[in-house]
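[1] Model the structure of this input:
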Amino acid sequence: LPARVERAPEATNRSEFSSHAAFHTSLCVRLRHLVAGEMTTRRRFAVVGTGARATLYTHALTGEFRDHCVLVALCDVNRARLDYHNSLLAEPVPCYGPAAFEAMLRDQRVDTCIICSVDWTHHEYVVRALAAGCDALVEKPLCTTADGCRQILAAVAATGRRVTVGFNYRYSPRNSRVRQLLRDDAIGDVLSVHFEWLLDTTHGADYFRRWHRDKASSGGMLVHKASHHFDLLNWWLDSTPTRVYAVGRLGFYGEAAAAARGEERRERFALSMDDALRALYGAAAVACDGYRRDQDVFGGGVTIEDDMALIVEYASGATVTYHLTCYSPWEGLRAAFNGTRGRLEYEVAENTCVAGAAADPNLPHRPAAPRAAEAVRIAVHPHFEAPTEHAVDGSEAGHGGGDARMLRDLFLPSGDGATDPLGRAADHLAGVAAVSVGIAANASLERGAPVVIAELLGAQRAPWPWRRVVPVGAAIAAVAVAVVLRAARHSYFS
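    Okay, here's the model as predicted:
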């Protein structure tokens with residue numbers, strides 16, 4: 001049996017799109033709902049991809065938000081995982097395979113499809129959902145390739161349907177506070193940023209046990225994990241990335257690196273699966289598709305990097321130096337923003353020590369265990385003034401409190417983000433902007449040279465709206481274009 005999840009039927013490609021047909025399909029779906037008397041009742045959701053992360057959404061839909069939403073179907077290639085998720089529901093829902101995806105959307109009158117499948121399938125399900133007249137809510141990353149970006153942009157343009165990306169880190173109070181300080185010009189115009197993210201030997205190691213270890217499946221850590229970080233940078237800076245240069249390697253995990261240093265600590269990296277993990281990924285699930293959740297982090301088959309450094313240029317003129325380490329003894333982040341009026345320093349310690357093998361802390365189906373509050377420090381150092389500290393509660397679980405706030409924004413009737421002054425809701429353009437940094441970084445790793453994002457996406461200009469623009473000289477072409485087009489800063493460019 002193949003180690004990778006079986007490929008779903010090919011999505012409708014760009015050349016096959018007909019905007020008239022797509023809008024007709026969307027209208028027919030809404031008319032069916034009207035006939036069924038459901039236009040003003042609960043929104044209907046289906047979930048495709050029933051791994052651990054899907055539980056965040058299934059529990060929310062059938063629990064806190066059941067008065068506003070209803071889970072109507074599940075879709076996955078693996079019957080064992082479908083059965084497990086249904087066993088957790090008070091009222092089991094119909095289950096479908098990938099080939100019956102469109103039938104599921106039609107038969108269950110789905111309004112929004114939540115996509116939690118393997119990363120490389122995201123764009124296919126988004127395109128198919130939109131063509132069927134549904135909206136899509138996508139777990140990050142939006143997609144893993146430049147072609148996936150192009151297909152999604154074309155699908156949205158053709159259908160007019162809505163795509164939302166689940167960037168929960170925007171909703172964490174600490175990250176929102178940084179956004180507010182920068183938006184309020186606490187340090188003036190940002191000229192440069194240093195951003196370092198550390199994954200420890202529990203959380204970081206887990207990506208090298210799972211399917212994420214295969215770059216063709218996940219896009220590597222620069223797409224799968226770092227799209228979170230690049231989205232935060234794009235959102236904090238209120239600008240868009242234009243050019244990327246990257247270096248990276250697999251230096252800690254993997255067979256060659258372990259052999260080179262004589263690694264003797266394998267037992268500390270072994271995964272002990274609890275009942276929930278065994279139900280999702282145990283013998284019954286392996287028999288369905290051959291996928292093993294607990295692979296050796298020091299074994300063969302690891303094709304992703306574990307140590308990466310980037311330089312990213314932005315349309316605003318800001319430059320970012322970014323580093324991701326996947327084998328740190330502690331987990332958290334450090335960011336420093338240098339502006340025309342001062343400096344903002346931001347530090348978070350999510351986990352200060354790893355004593356040995358432990359469960360993945362990001363599994364949402366497990367109740368939050370008692371733990372110490374995360375250490376958070378936000379300091380503003382103005383020019384010619386004393387620094388100020390800005391307190392933020394670090395005790396909330398679920399990505400720093402981001403999960404709960406994001407779910408309310410997604411599933412409550414008023415939670416459309418329209419009145420949010422921080423603009424935390426993320427659409428398909430934000431999703432493309434986030435993954436484009438990682439996709440360009442992967443291309444830079446292959447070429448050994450900087451990569452212009454617009455050229456990578458095959459467009460004369462990047463396909464997102466220009467936002468905050470600070471002229472820094474005609475020598476930088478992207479900034480010069482942004483200055484000329486300043487009056488159209490909120491337009492979409494194709």
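[2] Might you list the low-confidence residue ranges for the protein?
    1-40, 355-373, 394-400, 415-418, 459-494 (pLDDT under 70).
[3] same thing but at 80, please
    1-40, 354-374, 393-401, 414-418, 459-494 (pLDDT under 80).
[4] From the centre of it, point out the most distant residue.
    Phe384 (39.1 Å; CA atoms, centre = their mean).
[5] If we ignore the residues flanking it in sequence, what's nearest the residue most central in space within the chain?
    The residue lying closest to the centre of the chain (CA atoms, centre = their mean) is Lys140, at 2.1 Å. Setting aside the residues directly before and after it, Lys140 is nearest to Ser227 in space (CB to CB, 6 or more residues apart in numbering), at 5.0 Å. All C-beta spots, glycine's among them, are computed from the backbone N, C-alpha and C.
[6] Leu199 sits in which helix or strand?
    Here Leu199 is covered by strand 190-200, with elements defined by DSSP states H and E.
[7] quick revisit: dump the residue contacts of the residue farthest from the centre of the chain.
    If a contact means CB atoms under 8 Å, 6 or more residues apart in numbering, then Phe384 has no contacts.
[8] Secondary structure of it: a strand, I assume?
    No - Phe384 sits outside any strand when classified using DSSP: H, G, I helix; E, B strand; the rest coil, being coil.
[9] For Arg162, see how far away it is.
    47 Å (CB to CB, to the nearest Å).
[10] now do Val48
    Val48 is 17 Å from Arg162, by CB to CB.
[11] for Thr41, same thing?
    19 Å.
[12] higher neighbour count, the two?
    Arg162 (15 against 11; other CB atoms under 10 Å).
[13] Look up the closest residue to the more buried one, ignoring the ones flanking it.
    Asp135 (4.3 Å).
[14] For the one you found, give me its contacts.
    Applying CB under 8 Å, 6+ apart, one finds that Asp135 lies in contact with 111-113, 129, 161-164.
[15] Arg334 - that's part of a strand, no?
    Yes - judged by three-state DSSP, Arg334 forms part of a strand.
[16] pretty sure it is touching Tyr346, no?
    Yes - counting by CB atoms under 8 Å, Tyr346 is a contact partner of Arg334 at 7.3 Å.
[17] who has more neighbours, those two?
    Tyr346 (23 against 16).
[18] Using the three-state scheme, assign that one.
    Under three-state DSSP, the three-state class of Tyr346 is strand.
[19] Check Gly299 too.
    Per three-state DSSP, Gly299 ends up coil.
[20] which residues does it contact?
    The neighbours of Gly299, taking CB under 8 Å, 6+ apart as the test, are 254-255.
[21] residues in contact with the nearest residue to Val163 once chain neighbours are set aside?
    Nearest residue to Val163 in three dimensions, chain neighbours excluded: His428, at 3.8 Å (CB to CB, 6+ apart). By CB under 8 Å, 6+ apart, the residues touching His428 are 142, 152-153, 156, 163-165.
[22] Report the two of those separated the most.
    Maximum pairwise distance among these (CB to CB): 15.0 Å, between Leu153 and Thr164.
[23] what sits against the residue nearest to Lys140?
    140-142, 434-435, 437-438.
[24] Can you tell me how far it is from Ser436?
    Ser227 is 9 Å from Ser436, where distance means CB to CB.
[25] Same question for Ile152.
    From Ile152 across to Ser436, the span is 12 Å (CB to CB).
[26] swap in Gln151?
    Using CB to CB, Gln151 is found at 14 Å from Ser436.
[27] just checking, what's the longest helix in this structure?
    Longest helix in the chain by number of residues, with DSSP state H as the criterion: helix 428-447.
[28] Can you name the next helix or strand after that helix?
    strand 451-452.
[29] can you give me the strands in the stretch 351-494 of the chain?
    375-382, 388-389, 451-452 (DSSP state E, counting those that start in this stretch).
[30] partner strands of the second one, parallel or antiparallel?
    On the basis of DSSP bridges, the sheet neighbours of strand 388-389 come out as strand 375-382 (antiparallel).
[31] May I see the buried residues of the strand it pairs with?
    Going by neighbour count (16 or more other CB atoms under 10 Å), the buried part of strand 375-382 is 376-378, 380-382.
[32] how about a markdown table for the residues you listed, with distance to Leu199 added?
    Converted to a markdown table, those look like this (distance: CB to CB, whole Å):
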| residue | distance to Leu199 |
| --- | --- |
| Val376 | 18 |
| Arg377 | 20 |
| Ile378 | 21 |
| Val380 | 27 |
| His381 | 28 |
| Pro382 | 33 |
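[33] If we only consider the residues you listed, which is nearest to Val451?
    For these, the nearest to Val451 is Ile378 (32.5 Å; CB to CB).
[34] so who does the residue lying closest to that closest one once chain neighbours are set aside touch?
    Distances taken as CB to CB, 6+ apart place His390 nearest to Ile378, at 4.3 Å, with adjacent residues excluded. The contact partners of His390, taken as CB under 8 Å, 6+ apart, are 177, 181, 378-380.
[35] Helices of the stretch 351-494 of the chain, start to end?
    402-411, 428-447, 453-456, 477-484 (DSSP state H, counting those that start in this stretch).
[36] Return the most buried member of these.
    Of all the helices of the stretch 351-494 of the chain, helix 428-447 has the most neighbours on average by mean count of other CB atoms under 10 Å, namely a mean of 24.
[37] Go ahead and confirm Ala90 touches Thr62.
    Yes - using CB under 8 Å, Ala90 is in contact with Thr62, at 6.8 Å.
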